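Engineer: Provided below for reference: sequence and predicted model.
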Amino acid sequence: QLQASGGGSVQPGGSLRLSCAVSGFTLAGYAIGWFRQVSGKEREAVACIDNARRKTYYADSIKGRFTISTNNGNTVYLQMNSLKPEDTAVYYCARATSYSTFSSDYDRWGQGTQVTVSS
């Protein structure tokens, strides 16, 4: 299972840290991705981490502002700084067997956490 948390409402320029707590499997064997979705739009990959292959991915829209990391235990984080209104979305974490930016490659998904950036 994956449990996403940490969403909320912030003003532009603010920060949030999302957490994805996993259970039933170890992070060492999987890649974890963060996706976001706005109502009426397709789900997009935001960031992905694959510790075994030492790979990370960041969407161009969030490079330099978001950081994906793990605690080498059972949690993956998405630190989001300098948030913009266009970052408003429901954020999901998901599991894949290897590094990927395609949502179809992810077989398990968390429930989503709402992030709202507004003044």
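Structural biologist: Sure, I can see it. Residues are numbered from 1 along each chain as shown.

Engineer: give me the number of residues near Gly6?
Structural biologist: 16 (other C-beta atoms under 10 Å). (C-beta placed from N, C-alpha, C; glycine too.)

Engineer: residues contacting it?
Structural biologist: Going by C-beta atoms under 8 Å, 6 or more residues apart in numbering, Gly6 touches Leu16, Arg17, Leu18, Ser19, Thr113.

Engineer: check which helix or strand the third one maps to.
Structural biologist: Which is Leu18. Here Leu18 sits within strand 16-22, counting by DSSP states H and E.

Engineer: where's that strand relative to the chain centroid, distance-wise?
Structural biologist: 8 Å (C-alpha atoms, centre = their mean, to the nearest Å).

Engineer: cool, and stretch 34-47?
Structural biologist: The answer for stretch 34-47 is 10 Å, by C-alpha atoms, centre = their mean.

Engineer: contacts only, for Arg43.
Structural biologist: Phe35, Arg36, Gln37, Tyr92, Ser103 are the contacts of Arg43 under C-beta under 8 Å, 6+ apart.

Engineer: next one: Ser82
Structural biologist: Per C-beta under 8 Å, 6+ apart, neighbours of Ser82: Gly13, Ser15, Arg65.

Engineer: and the last one, how many neighbours does it have?
Structural biologist: It stands for Arg65. Neighbours of Arg65 using other C-beta under 10 Å come to 15.

Engineer: and the gap between it and Gln111?
Structural biologist: Applying C-beta to C-beta, to the nearest Å, the value for Arg65 to Gln111 is 24 Å.

Engineer: out of the contacts of Gly6, who has the most neighbours?
Structural biologist: Most crowded among these, counting by other C-beta under 10 Å, is Leu18 at 25 neighbours.
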